[in-house]
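> can't give you the sequence, but here's the structure:
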């Protein structure tokens, strides 16, 4: 990536195909990008499309998703939702609520040991409820970031 002038910061809402593309384009233009995604990984519906149509749609978006992860001008905020927007055009302040992952991304190697000992199984939304997953999980095999997350609503150690 060539050195570009800092043009300020922007927020891209949604880490699907369009959000990933927008984040990469804006970062290339010199903006610092906050990529906000409500799920634990970026990539949108690509994993479901691969399961439905049998083609590897993930292979098409995977390089771009990792491009976001490795780009110093892009900060990915997974498990996050916009709470409030203040200001006016060109000068917004956005409040983002980021739910805890309960797994340290810097330490997780995605080895699966945590999932192998997790006693809780729930329906897997990424598999259209047709399969089970553990309460500690990786969204899909091409997840970016490739880090486990704890489903706080179903984890027996977090629930009251």
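Yep, that arrived. Everything quoted here is computed from the prediction, not taken from an experiment.

> dump the residue contacts of the residue most central in space within the chain.
Residue closest to the average C-alpha location in the chain (CA atoms, centre = their mean): residue 41, at 2.6 Å. With contacts defined as CB atoms under 8 Å, 6 or more residues apart in numbering, residue 41 is in contact with 15, 78, 138-140, 143-145. Where C-beta positions appear, they are placed from N, C-alpha and C, glycine not excepted.

> State the pLDDT value of it.
Residue 41 carries a pLDDT value of 92.

> how close does it sit to residue 139?
According to CB to CB, to the nearest Å, residue 41 stands 4 Å off from residue 139.

> that older thread, rank the contacts of residue 41 by pLDDT and give me only the lowest.
Among the contacts of residue 41, residue 140 carries the weakest pLDDT, at 81.

> For the residue lying closest to residue 108 once chain neighbours are set aside, the count of nearby residues, please.
The shortest distance from residue 108 to any residue other than its chain neighbours is 4.5 Å, reached at residue 147 (CB to CB, 6 or more residues apart in numbering). By other CB atoms under 10 Å, 20 other residues sit near residue 147.

> helix/strand/coil for residue 147?
Applying DSSP: H, G, I helix; E, B strand; the rest coil to residue 147 yields a three-state assignment of coil.

> Great, nothing more from me.
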